[in-house]
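Student: got a sequence here, can you build the structure:
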Amino acid sequence: MGFTVLIPARLASTRLPDKPLADIAGLPMVVRVAQRAALSKASRVVVATDSERILQACQQHGVQAVLTRADHPTGSDRLAEACALLGLDGQDRIVNVQGDEPLIDPALIQACADVLDARSDCVMSTAAHAIDSAADFGNPNVVKVVTDAQGRALYFSRAPIPWWRDAPAPATPATGAGTPLRHIGIYGYRAGFLRRFPQLAVSPLETVESLEQLRVLWHGERIAVHLAAQVPGAGVDTPEDLARVRRLLGAG
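Tutor: Model (predicted):
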């Protein structure tokens, strides 16, 4: 069963202006991301953007793109509009890949689609990997997730969870069954749920933690979590990140 990769892309960025169009070894970054996504088993890869410049850049390099409204409050709203424009609904599977991840592993994209396909009880999927660093465990910018026995998300938090009560030192990652997991920001959706998601009331937990996925759990829906063996490649947020990726991809 095929799936669609949707890549939301906006020009607005305070730390790196025009980020999706940043040149990486002769190609705009968003095109690089789309090319990586196409190496998965996706039936199609589509960029969802509010920018004519991004739309034109994609078209020039053979990447499908749709133009969405510019006033969407969240990326999920943009994806929901893209679903409508593409006629996706019901059980159609979608994987959301961020437009600033030119090093993303196609296997991670595929795994996110596969785990959703295998879990009819879940409307979404995502990924995580084990944390073995006390610094990451205590870092509020590193989002943690805990799962149930079936690998479904119980909660996402910026706090150190699960908290090891008998740890030898504060905020020490647990080992064994309690090993903490770092959330990886990739999502699979059933298209029918994604189109419904923007109409769901915002969760108080979502507001407190500033984590949109908590809205899903708040409303009683389930998210399947793929456990990745490796740490994914970092995204591009700063000029320093861009220089690093240019060195990596330019060398090839």
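Student: so what's the residue count around Val123?
Tutor: Counted with other Cβ atoms under 10 Å, residues neighbouring Val123 total 21. (Glycine included, C-beta is placed from N, CA and C.)
Student: give me phi/psi at it?
Tutor: Per-residue torsions, Val123: phi -100, psi -10 (degrees, to the nearest 10).
Student: residues touching it, list them.
Tutor: With contact set as Cβ atoms under 8 Å, 6 or more residues apart in numbering, Val123 has these partners: Tyr189, Arg190, Phe193, Val216, Glu221, Arg222, Ile223.
Student: which ones are touching the residue nearest to Gly233 when sequence neighbours are not counted?
Tutor: Using Cβ to Cβ, 6 or more residues apart in numbering and skipping the chain neighbours, the partner closest in space to Gly233 is Leu103 (3.2 Å). Shown in contact with Leu103 (Cβ under 8 Å, 6+ apart): Arg36, Pro232, Gly233, Ala234, Val245, Leu248, Leu249.
Student: tell me the SS of the closest residue to Ser76 other than its chain neighbours?
Tutor: Counting by Cβ to Cβ, 6+ apart, Ser76 lies nearest to Phe197, which is 5.5 Å off, once chain neighbours are set aside. Three-state assignment for Phe197 (DSSP: H, G, I helix; E, B strand; the rest coil): helix.
Student: and if you look at Gly192?
Tutor: Gly192 is classified as helix under three-state DSSP.
Student: what's the helix or strand for the nearest residue to Pro173 once chain neighbours are set aside?
Tutor: The shortest distance from Pro173 to any non-neighbouring residue, by Cβ to Cβ, 6+ apart, is to Phe137 (4.6 Å). Assigned by DSSP states H and E, Phe137 belongs to helix 134-138.
Student: after that helix, which helix or strand is next?
Tutor: Remark: after helix 134-138, the chain's next helix or strand is strand 144-147, criterion DSSP H and E.
Student: neighbouring strands of that following strand in the sheet, and parallel or not?
Tutor: strand 153-157 (antiparallel), strand 181-190 (antiparallel) (DSSP bridges).
Student: ok, Ala12 - how many residues close by?
Tutor: 10.
Student: and it, helix, strand or coil?
Tutor: Secondary structure assignment for Ala12 (three-state DSSP): coil.
Student: same deal with Val245?
Tutor: With three-state DSSP as the criterion, Val245 reads helix.
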